[in-house]
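1. Here you go, sequence then predicted model.
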Amino acid sequence: MTTSNPLSLTRTIPLREKIIEKVIYALLAACSLVAVGVTIGIVFSLVFEAYEFFKLIPLTDFLFGLEWSPQTAIRDDQVGAQGSFGAIPLITGTLLISTIAMIVATPLGLTSAVYLAEYAGPRTRAVIKPMLEILAGIPTVVYGFFAALVIAPFIRMAGTSAGLEVASESALAAGLAMGIMIVPLISSLSDDVINAVPQALRDASYGLGATQSETIRKVVLPSALSGIAGSLLLAASTAIGETMIVVMAAGLSANLTANPLEAVTTITVQIVSLLTGDQEFDSAKTLSAFALGILLFCITLVLNIAAQKIVKHYREQYD
Amino acid sequence: MTETFTRKTPELARRHAGEKRFQWLGKAAITIAIGFLLVMVGTISWMGVGAFKQTQIALDVYLDPQEIDTAAPNKADYGAMVKKAQRSKFSDVKKHNDKRKLYKLLSSQAAFTLQHQVADNPELIGQTAKIWFIASDDVDMFIKGNTNVDDSGNAGKLDKKQLQWIAALKSTGDIRTRFNSSFFLSGDSREPELAGILSAFTGTVLTLAVCFALSFPVGILAAIYLEEFTPKNRWSDLIEVNINNLAAVPSIVFGLLGLSVFLNTFGLPRSSPLVGGMVLGLMTLPTIIIASRAALRAVPPSIRQAALGIGATQIQTVFHHVAPLAMPGMLTGAIIGMARALGETAPLLMIGMVAFIVDVPGSVLQPATALPVQIFLWADSPERAFLEKTSAAIIVLIVFLIFMNLIAIILRHKYRQRF
């Protein structure tokens, strides 16, 4: 059989075409490597600058120090010329605000997800879901502005009239705004998770005479628990990495406290305040921002990986 | 027998009440979340809508031909002419201090306004012309009712005398509010009454253009590779996990990457839309890849089999048949990713796009700022008038966002295919 046979079903691909295909294939592979490259770039750039920082300040001082005041010295011999770079007050501040946010967002997000998934008709869903998505789409700088301008003075006024001492940049104000911001995240992820629970489980529960709410509380939610936990972890990671709300509504001075009415600062606020304005890449002050960056990256990475593992495992369970 | 099923026991009533409570809780949660949205957007709109109007004051200015050289009209001292016109309007003002207070009713821009008027209409020279000038921010706030007269007779920074002059201007109809075109047509300014969003808006458009040019091609090509060509193995799993994690990295970390790599290592210009767009592009990349993969997955295998069956190579199959069908879905994903990038502020702060920018950036290499950053900067300013500007800039940002999302929704509906 010859290839010149017009009835042949095999087509010989010309060499030129073959080369072009190889080039395109290589280009495609290169593009997919960009995503990996970005991760590597992030890790390397953070590690590189943070390494310079840890040459000046020991790692243990950074991780376990209780005081954060990264001022630069005017004279070399002045008291506290080095500044102190203990990250503990920043971590507790971040956790305080994120915890407030989660306390606000978890009940709101979960109950709205349950309502949307189990009770709402298709028409209600078609209206409510996009509204919640708008809430997620509003830039965080807007939440920050609203928190600083409306929520914080309101809390201060309410607190003062109740005889409490409230800082003007209280952790509560930032936490509340952040909580509302992550409601749609929790509700849409949990909505998916609840929808993935097999109908047979619900039917079995109804068959035993349970009401709808009993079915949800005793059957659907326990079966969806791990998926919901995953969505809460993702929401927490978003809250910890959120920047603009805390930059605009939380304080600047590091404060080791668990009182939500006091002003605290967070990792992200410090990164912003260290890197806006003059930068000197040989001073501990500027470099410490990258050490904080690594800290933030690691915390959110652990939460994300855990969340994805949990959700993946959950999905396989019901496939 | 049927009796047992329909009997209403107190126990059943209690359970049904619990059912009602549970539903009520869900409704309450949704109401709180959406109520917050409405209150927030409502408050900001209410505060910002005033910035779309501008207070103006009319003065009869005598354009002295001895002062203005018709050959070079730009050289004349227009500031003095405006001040003279103010003095002649309120001829009873004699004291030096009072005069200064009087001048403060107008914006510092007044001399330029006059200069432009004369340059545009040279025939006015030698006449007394009635010209509308932009009022200062304090007057503007008072006229709009944002500052009220307090017990001592002052309103904001305006004192009794200034308020009397304003009242006099009002009675002769020489003070008016008009649509504030300069808010859209000028850059940032230290004077709130002159500050506009044009430079920030241009910066945002340039940044997003760079962001799109980088993330869209790379994103869809990566998605095509991962979805159509890679076999399922450990390597592809690793890329998959990597992309999912990258999508959840805090945006500020991308800013640190930009600062360390693009600025410090590559030496690209600080504060430029080029660097801003690259940082946002890397941030948007995972979103586009994830959306594009979903779009490719929605194309049925029969399309691929048909193309391969008539002798197309794998690359031809993908580029001639699969990718075009998935394109609307990929574009929708890209627009949603861009909408997220539009509101992003933190990474831009890291690479220095927080500068005070008056001029409209002409290229992606010039210093620029972006709309959300401008909001952040104005929100920090103490003047009452900047509060209004901040809210107005937020309105513009949200309208821009809605517009982008509308495009995505229309695209999705127009090209929705059911295979």
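-> Good, I have the coordinates.
2. C-alpha only now, for contacts and for neighbours.
-> Fine.
3. For the stretch 251-400 of chain B, which residue gets nearest to chain A?
-> B:Gly343 (4.6 Å; C-alpha to the nearest C-alpha).
4. which SS state does B:Val360 fall under?
-> Secondary structure, DSSP: H, G, I helix; E, B strand; the rest coil: B:Val360 is coil.
5. Surely it is in contact with B:Ile197?
-> No - in this structure, B:Val360 is not within contact of B:Ile197 by C-alpha atoms under 8 Å, at 9.5 Å.
6. of those two, who's got more company?
-> B:Ile197 (27 against 21; other C-alpha atoms under 10 Å in any protein chain shown).
7. ok, the more buried one to chain A distance?
-> Here B:Ile197 is placed at a distance of 16 Å from chain A (C-alpha to the nearest C-alpha, to the nearest Å).
8. quick one, what contacts that residue?
-> B:Ile197 makes contacts with B:183-188, B:371, B:374, B:393, as judged by C-alpha atoms under 8 Å, 6 or more residues apart in numbering or on different chains.
9. Now the two most distant members of the residues you listed.
-> B:Leu185 and B:Gln374 (15.0 Å; C-alpha to C-alpha).
10. So those two - more neighbours on which side?
-> Neighbours were counted for B:Leu185 and for B:Gln374 using other C-alpha under 10 Å; B:Gln374 has more, 27 against 13.
11. Name all residues that make contact with the closest residue to the residue of the stretch 251-400 of chain B closest to chain A other than its chain neighbours.
-> Distances taken as C-alpha to C-alpha, 6 or more residues apart in numbering or on different chains place A:Pro139 nearest to B:Gly343, at 4.6 Å, with adjacent residues excluded. Residues near A:Pro139 by C-alpha under 8 Å, 6+ apart: B:340, B:343-344, B:372.
12. can you map out the helices along the stretch 201-319 of chain A?
-> A:212-215, A:221-241, A:244-249, A:267-275, A:284-318 (DSSP state H, counting those that start in this stretch).
13. Now render the ones you listed as TSV, adding mean neighbour count.
-> Output for those, formatted as TSV (neighbours: other C-alpha atoms under 10 Å in any protein chain shown):
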stretch	mean neighbour count
helix A:212-215	19
helix A:221-241	23
helix A:244-249	27
helix A:267-275	23
helix A:284-318	19
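14. Smallest gap between the stretch 1-150 of chain A and chain B, at which residue?
-> A:Ser32 (4.1 Å).
15. What are the structural domain limits within chain B?
-> B:56-178, B:198-414 (automatic domain parsing).
16. Show me which residues of stretch B:181-189 are buried.
-> B:182-184, B:186-188 (16 or more other C-alpha atoms under 10 Å in any protein chain shown).
17. What is the nearest of those residues to chain A?
-> Using C-alpha to the nearest C-alpha, the buried residues of stretch B:181-189 come closest to chain A at B:Asp188, 18.3 Å.
18. what's the distance between the residue nearest to B:Gly343 and B:Ala213?
-> 22 Å (C-alpha to C-alpha, to the nearest Å).
19. so can I have JSON lines of the domains of chain B showing mean pLDDT?
-> What follows is these, written out as JSON lines (pLDDT from 0 to 100):
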{"stretch": "domain B:56-178", "mean pLDDT": "81"}
{"stretch": "domain B:198-414", "mean pLDDT": "90"}
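20. just to revisit the earlier point, any shared contact partners between B:Val360 and B:Ile197?
-> With C-alpha under 8 Å, 6+ apart, B:Val360 and B:Ile197 have common neighbours B:Gly187.
21. Give the other helices and strands that the lengthiest helix in chain A contacts.
-> Longest helix in chain A, counting residues (DSSP state H): helix A:15-56. If you count contacts as 3 or more C-alpha pairs under 8 Å, 6 or more residues apart in numbering or on different chains; DSSP states H and E, helix A:15-56 packs onto helix A:284-318, helix B:198-224, helix B:234-247, helix B:251-257, helix B:273-297, helix B:314-316.
22. out of these, which comes closest to B:His116?
-> helix B:198-224 (19.8 Å).
23. which strands and helices sit next to that closest one?
-> helix A:15-56, helix B:182-185, helix B:273-297, helix B:323-342, helix B:371-379.
24. and those helices, which is most packed in?
-> helix B:273-297 (a mean of 26; mean count of other C-alpha atoms under 10 Å in any protein chain shown).
25. Tell me the helix or strand right after that helix.
-> Downstream of helix B:273-297, the next assigned helix or strand under DSSP states H and E is helix B:301-309.
26. ok and the residue in chain B nearest chain A?
-> Closest point on chain B to chain A, by C-alpha to the nearest C-alpha, is B:Ala222, at 4.1 Å.
27. Excluding sequence neighbours, find me the nearest residue to that residue.
-> A:Ser32 (4.1 Å).
28. and if you look at B:Ile239?
-> That would be A:Val36: by C-alpha to C-alpha, 6+ apart, it lies 6.6 Å from B:Ile239.
29. Show the contacting residues for that neighbour.
-> With C-alpha under 8 Å, 6+ apart, A:Val36 has these contacts: B:239, B:242-243.
30. In TSV: those, plus neighbour count.
-> Shown next, in TSV, are the contacts of A:Val36 (neighbours: other C-alpha under 10 Å):
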residue	neighbour count
B:Ile239	16
B:Asn242	17
B:Ile243	21
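31. Report whether B:Trp132 is found in a strand, as I expect.
-> Yes - B:Trp132: assigned to a strand according to three-state DSSP.
32. ok, it touching B:Gln54?
-> No - between B:Trp132 and B:Gln54 there is no contact under C-alpha under 8 Å: 11.3 Å.
33. Pick out whichever of the two has more residues nearby.
-> With neighbours defined as other C-alpha under 10 Å, B:Trp132 and B:Gln54 compare such that B:Gln54 has more, 24 against 18.
34. Thank you, goodbye.
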